[in-house]
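Trainee: give me the fold of what follows.
(2 chains)
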Amino acid sequence: MDKITQAEKKAAKIAKRAARTRGQKWTRRGFITASVIGGGALLIGVAIRPGDRTDELAKLAATGDESLLTAWVKLSPDNTVTAIIPHGEMGQGVHTALSAMLAEEMEADWAAMDIMEAPAEKAYANYVLGREFMVNKDKLPGFVLGTLNGAFLGITKAMNLQITGGSTSVRFTGVGAMLTAGAAAKELLLKAAAKTWDVPVSSLRAQKSYIYHDESGKTAPFADFAQLAATFKPSLTPKLKARKDYTLMGTSLPRVDIPQKVDGTAMFGLDAHIEGMKYATVKAAPVHGQSVASMDASVAKAMVGVQGIYNMGDYVAVVADGYWQAQRALEAVEVTFTQSAESQLNQAGVFAQYAKAFENAKRKDIHKEGNVSQTMKRADRTHEAEYNVPFLAHACMEPMNATAWVKDGTCELWTGTQNPLGTRAEAAKILGLKLEDVTLHTAFMGGGFGRRAVPDYALQAVKISEKTGMPIKLIWSREETTQQDHYRPAVTNRLRAAIDSDGMPSAWDSLFVHKMDPPEASRVPYNIPNQNIEYVESPLHLRFGPWRSVDHTQHGFFIESFIDELAHKAGQDPYQYRRKLLAGKPRFLAVLDAAAKLGNWETPLPEGQARGISIVESFMTIAAQVVTVDVNGDMPRAVHVACAADAGMAVNPDGFKAQMESGIIYGLTAALYGDISLEDGAVMQSNFHDYDMVRMDNAPDIDVVILQSDARLGGAGEPGTPPIAPAFANAIFAATGRRIRSLPIGDMSGVNVG
Amino acid sequence: MVQLRINGHIKTVDIDPETPLLWAIREQLGLTGTKFGCGISLCGACTVHVDGQATRSCVTPIGDVDGQDVTTIEGIAGADGTLHAVQAAWIKHQVPQCGYCQSGQIMSAVALLSENPNPSDNEIESFMAGNICRCGMYSRIKAAIKTAAKAA
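Mentor: Predicted coordinates:
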């Protein structure tokens, strides 16, 4: 108990300092200071690059007598170690996890650490994130190319990344950069101490931001050696600790961002303030890709507080003294938009278009193994099914917003973004400014989930400020946020399996429409000797974007539902059936077994209740879930979710559990309600009455068990989401005999009609 | 001209009385802890107390609260900065993720406990169902409310 209180005190202390730093960025004066200090995201790989990069960074990130040791760590004269974090905080606890990784290797005193979000500077670009994609010979994720307009090629592409997404923070930035940076910093300090005291490096040790020479009893704070240490080149390959020697990693450190999130002081994009700013709101063409055809603003212009109404090409903007005045005026603007063939498209038409694409479009390979067609021909039995999922919006709690001030050939921008450097680069481009003339201040994100990787809202704020010459806070309504999202695509998947005499699949044939990332999402984890996985393109006018776990969300549902069908066809227990197909894959088996145990798989349930199981690997984390469903009411209700996950190790176990809980509720909302549909080419849904969320009264109890393995660190933010829809739907099948092949599930009438 | 007592301070706001309380709190009174989520009282992010009652400020015209007591997230800690039992429980259970909905969640929870100091699970669920947490921290919110109830 004492220990927790102590830890909480530390968190509060750290948070207070972090808030102070953050607070500085929100005033004009503070902002100037902050830009010199360098605030945003910094980064990766830079620390393990020799020489000049670090010098370049030193100009940005260090002021006065602070010495910059590596790209990610700053040491102040008062012996405070500052972790410079290159990722935005959207609730995933990344500031805490990454700082802990740095402190672990550096032997820094966690209680005396500061955290700073790195500035949107090229030197901080997320090099390791990019390199992972290059090394894997995969192209960069589509959403990155989209936000950067494909402007960067080859390795330079990787060098311009500064993305929070793909559950990459801990597994790429943390492993690739924070650990290395911490270890490199420690080595430099030890080397400096050895030189100063004229003793061998091997006789020194570092602990809690001090260096000790036990033989002589000499001890001194890190800071005493900062000046000298900064003259050495950091090692490219500092020695890293073994996992067993970790003292911070693997412990549930209280999150540093939480105290400010319980007293209203946390600064989100919506809370940015510039003296004299005006409020803007917009209405964009409901059919994506169309533009304003006509606009009559005569009534709206005369309304109290209205500063101006503008035709911005593909949207109308109203600027007023307050948001509510702007919103009311926008409702009074009479606007028509251009029409096109897409303006006729409805949801049935979307799936009809996909069906045509299956017949006519060129098939592209994802994976081929063995001989599928021959196996199908020779098989005693085959089984096939078609699955569909709808478009999904992100529904971040914080509507899209950004605050911009374009003046005198510069631009300042305040916003919550998963892509600070891309946002800054795009802003510079549309203004015709140099990158260095655009300053981006990042804020907490009120939900990201992939939506805030796309900077469209920030660019609108920039354009409106440019047009009016005023500092502008742009706020989208909930309706605009719902209808101008970048959606998870609607996807159809046709699956077919050959079944051998033991009831096991001998061939797997998968054909689907729409592929984003990652490319392995449609692959099956099971040992099936013949496989053919292909997709076709079927372009739509609706904008797509990454949605929590990206392609894994739909393919997790397709694969784990279809495997469940095969198990039932074979008359076998779905858990044991999966076990057979995972022979020789100990990590998968351990996770599956742990979920089955936690979910009491074998224990009988009362009438109207049943269990479903699933397992999905995504972003290098394997997660299995057992859902207990109750179908006695009007809605199928997930009563309990048991989740087991192996991410190699969980850097912050409580934070990891929270991410699993969050991913489960996020995926359950989609499975139960999530349905964005088109009518006359436009999104029909608008607010939470027609795009509802799981709330406390229909949220399941969730238990999470974390498995440790020696695998590389996996992600946390996304892997909880893919298994929930299939486990839930499989449970409904077990309870009712109705197979859910189309989401959302909706109420029991939908289940009964099938 | 509307006069109200906000977090104990009497303030006068010169604004169209139809303006939702939410925007007056944020833009005129400069208290940004109260959040905008949906604008039509479906998500609870804007929850404040009006004379102690949990109220969705996004649909409450400021004219309707003339002369009343309004409390926001900034006003529930003690004068000496001591956190409210609900806030302390929120930290203890590490409730917030993105944190955007949490001002509203906390204000709802405080209102719940003031009218029902020992709520059952069902009572918590039904009172809190008006507050969406898109990060899905419902188990933690429920646990924190129980902890706060014990502490009070």
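Trainee: I'd assumed A:I430 was in contact with A:K463.
Mentor: Yes - using C-beta atoms under 8 Å, A:K463 is in contact with A:I430, at 6.7 Å. All C-beta atoms are positioned from the backbone trio N, CA, C, and that covers glycine.
Trainee: those two: which is more packed in?
Mentor: Higher neighbour count among A:K463 and A:I430: A:K463, with 23 against 12, using other C-beta atoms under 10 Å in any protein chain shown.
Trainee: give me the domain ranges for the chain.
Mentor: Went with chain A since none was named. According to automatic domain parsing, chain A comprises the domains A:2-126+A:162-182+A:244-258, A:269-339+A:400-475, A:549-753.
Trainee: actually, chain B is the one I wanted.
Mentor: Following the assignment in automatic domain parsing, chain B carries domains at B:2-75, B:85-151.
Trainee: let me know the pLDDT of the closest residue to A:D692 other than its chain neighbours.
Mentor: Nearest residue to A:D692, sequence neighbours excluded (C-beta to C-beta, 6 or more residues apart in numbering or on different chains): A:Y673, at 4.7 Å. Each residue has a pLDDT score; the one for A:Y673 is 96.
Trainee: now swap in the one 10 residues further on and tell me
Mentor: Residue-level confidence at A:V683 comes out at 98, pLDDT.
Trainee: neighbours of it, how many?
Mentor: 22.
Trainee: please report phi then psi for the closest residue to it other than its chain neighbours.
Mentor: Nearest residue to A:V683, sequence neighbours excluded (C-beta to C-beta, 6+ apart): A:Q483, at 4.5 Å. The phi and psi values for A:Q483, taken as degrees, to the nearest 10, are phi -90, psi -10.
Trainee: pretty sure A:F391 contacts A:Y487?
Mentor: Yes - if you go by C-beta under 8 Å, A:F391 and A:Y487 touch, sitting 4.4 Å apart.
Trainee: mutual contacts of the two, please.
Mentor: Contact criterion C-beta atoms under 8 Å, 6 or more residues apart in numbering or on different chains; residues shared by A:F391 and A:Y487: A:L542, A:I676.
Trainee: the two: who's more crowded?
Mentor: Using other C-beta under 10 Å, the more surrounded residue of A:F391 and A:Y487 is A:F391, with 23 against 20.
Trainee: how far away is the more buried one from A:L678?
Mentor: 8 Å (C-beta to C-beta, to the nearest Å).
Trainee: quick one: common contacting residues for these two?
Mentor: Common neighbours of A:F391 and A:L678, using C-beta under 8 Å, 6+ apart, are A:L542.
Trainee: so what's the closest residue to chain A within chain B up against?
Mentor: Closest residue of chain B to chain A, C-beta to the nearest C-beta: B:G33 (2.1 Å). Residues in contact with B:G33 (C-beta under 8 Å, 6+ apart) are A:D263, A:G264, A:T265, B:T72, B:I73, B:E74, B:S103.
Trainee: which one is the spatially most central residue of chain B nearest to, not counting chain neighbours?
Mentor: Central residue of chain B (C-alpha atoms, centre = their mean): B:M107, 2.7 Å from the mean position. Distance criterion C-beta to C-beta, 6+ apart; nearest residue to B:M107, sequence neighbours excluded, is B:T47 at 4.3 Å.
Trainee: does stretch B:71-80 reach chain A?
Mentor: Yes - legend: contact between stretch B:71-80 and chain A by C-beta under 8 Å from any C-beta of the partner chain is shown at B:T72, B:I73, B:E74, B:A77.
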